[in-house]
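**Q** I'd like to go over a predicted model; first the sequence, then the structure.
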Amino acid sequence: SDRIEINRWIIPIREIIEDKHVVVIDDSLVRGTSSKAIIQALRRAGAKKISMVITYPPIKFPCYAGIDFPSQEELATFSNKVMTDEEMTEMVRKDIGADFLGYNDAENLAAAVGIPKDSMCFTCSSGNYDSLGITPEFKTRIEMKGE
């Protein structure tokens, strides 16, 4: 609900957006709530095409390093079936309503910020929790939040 409230303040300027191909760049796409709201606002403002580019790789696993997305089923990338990366990206693209969705990968992100990949945390993208020294026990949202 906090994300939805924040997104209410996204007010596209129709005169600038109408009939344009708009490219939205975001740092990450976790649940897709903000992305959907942004894309809907841009569509209402008349964007002809919307491409979303995400600087972090697809988030496929819960974070146990302090970010609040503890269960896989909360993630935009979650599916009950096994998918290729391309199928997963297409599923998320359709869900958020973008015409194009592109993710960065860990190597390019590390190169862009100028620090070694192994000094960055990619556990929520890779599913490898070794750097955190834990073996996660994946739980559902209900189990995690007690809902």
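**A** Looks like it came in fine.

**Q** just say helix, strand or coil for residue 52.
**A** Three-state call for residue 52 (DSSP: H, G, I helix; E, B strand; the rest coil): strand.

**Q** residues touching it, list them.
**A** 23-26, 29, 35, 39, 93, 96, 98, 100-102 (Cβ atoms under 8 Å, 6 or more residues apart in numbering). Glycine gets a C-beta too; all of them are placed from N, C-alpha and C.

**Q** swap the cut-off to 10 Å and go again
**A** Residue 52 sits next to 22-26, 29, 35, 38-39, 42, 92-93, 96-103 when contact means Cβ atoms under 10 Å, 6 or more residues apart in numbering.

**Q** can you check what pLDDT the model gives it?
**A** The model reports residue 52 with a pLDDT of 98.

**Q** when you give positions from now on, start the count at 23
**A** I'll keep to 23 as the first residue from here, and by that count the last item is residue 74.

**Q** any figure for the gap between it and residue 46?
**A** Distance of residue 74 to residue 46, computed by Cβ to Cβ, to the nearest Å: 5 Å.

**Q** skip the chain neighbours and tell me the closest residue to residue 79.
**A** Excluding the flanking residues, the one nearest residue 79 by Cβ to Cβ, 6 or more residues apart in numbering is residue 147, at 4.0 Å.

**Q** in what helix or strand does the one you found lie?
**A** Per DSSP states H and E, residue 147 falls inside helix 145-148.

**Q** burial count for the residue nearest to residue 99 when sequence neighbours are not counted?
**A** With sequence-adjacent residues excluded and distances taken as Cβ to Cβ, 6+ apart, residue 99 is closest to residue 82, at 4.9 Å. Each residue near residue 82 was counted by other Cβ atoms under 10 Å, and the total is 17.
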